[in-house]
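# Need coordinates for the following:
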Amino acid sequence: QVQLVESGGGLVQPGGSLNLACTASRNISTFNGMGWYRQAPGKERDKVATITKSGTTSYADSVKGRFTISRDKAKNAVYLQMNSLEPEDTAVYYCNAYTLPLYPLPANDYWGQGTQVTVSS
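Alright, predicted model coming up:
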């Protein structure tokens with residue numbers, strides 16, 4: 001069973017920064033990709049940023065230029081550096097890892113427990 005553990009959330013003022021970390025219980029090179037999603041109260045869980053096995057990154061339009069996803073294979077970790085935070089960024093942030101189907105194995109989707117990010121003055 002894969003475990004993803006997030007850390008680094010908290011309360012920050014508008015314009016501030018936070019760096020989220022997600023540590024996996026196995027070699028992250030075994031995943032086809034990893035990423036960060038967020039869910040605000042009363043809203044659906046949305047993609048924030050993803051990074052594929054080959055290193056290709058993708059961002060939601062609302063965070064482009066402010067957030068950066070990166071990884072450290074030696075530490076089995078993926079990070080989300082968040083700068084210029086806005087109140088609208090307030091949400092629970094979840095780490096995700098996935099594998100694509102590879103016969104006879106099915107696709108798999110793994111999630112962390114989430115870490116709260118609150119942007120408020």
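# Is it correct that residue 15 is in contact with residue 89?
No: contact criterion C-beta atoms under 8 Å: residue 15 and residue 89 do not qualify, at 11.1 Å. In this view, the C-beta of every residue, glycine as well, is placed from N, C-alpha and C.
# which of these two has more neighbours?
When neighbours are counted by other C-beta atoms under 10 Å, residue 15 and residue 89 differ, and residue 89 comes out ahead with 22 against 11.
# residues contacting that one?
Neighbour list for residue 89: 38, 63, 82, 117, 119 [criterion: C-beta atoms under 8 Å, 6 or more residues apart in numbering].
# And those, which is closest to residue 5?
The closest of those to residue 5 turns out to be residue 117 (C-beta to C-beta; 15.9 Å).
# Tell me the gap between whichever strand or helix holds that closest one and the middle of its chain.
For residue 117, the host element (DSSP states H and E) is strand 115-119. Relative to the centre of its chain, strand 115-119 is centred 13 Å away, using C-alpha atoms, centre = their mean, to the nearest Å.
# Also stretch 51-64?
10 Å.
# ok, residues contacting it?
29, 31-35, 46-50, 67, 69-71, 78, 82, 88-89.
# Give the buried subset of the residues you listed as a PyMOL selection command.
Buried subset of the contacts of stretch 51-64, written as a PyMOL selection, criterion 16 or more other C-beta atoms under 10 Å:
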select buried, resi 31+33+34+35+48+49+50+67+69+71+78+82+89
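# residues in contact with the lowest-mean-pLDDT helix or strand in the chain?
Lowest by mean pLDDT, DSSP states H and E among the helices and strands of the chain is strand 108-111, with a mean of 94. The contact list for strand 108-111, computed with C-beta under 8 Å, 6+ apart, reads 2, 4, 94, 95, 96, 97, 98, 99.
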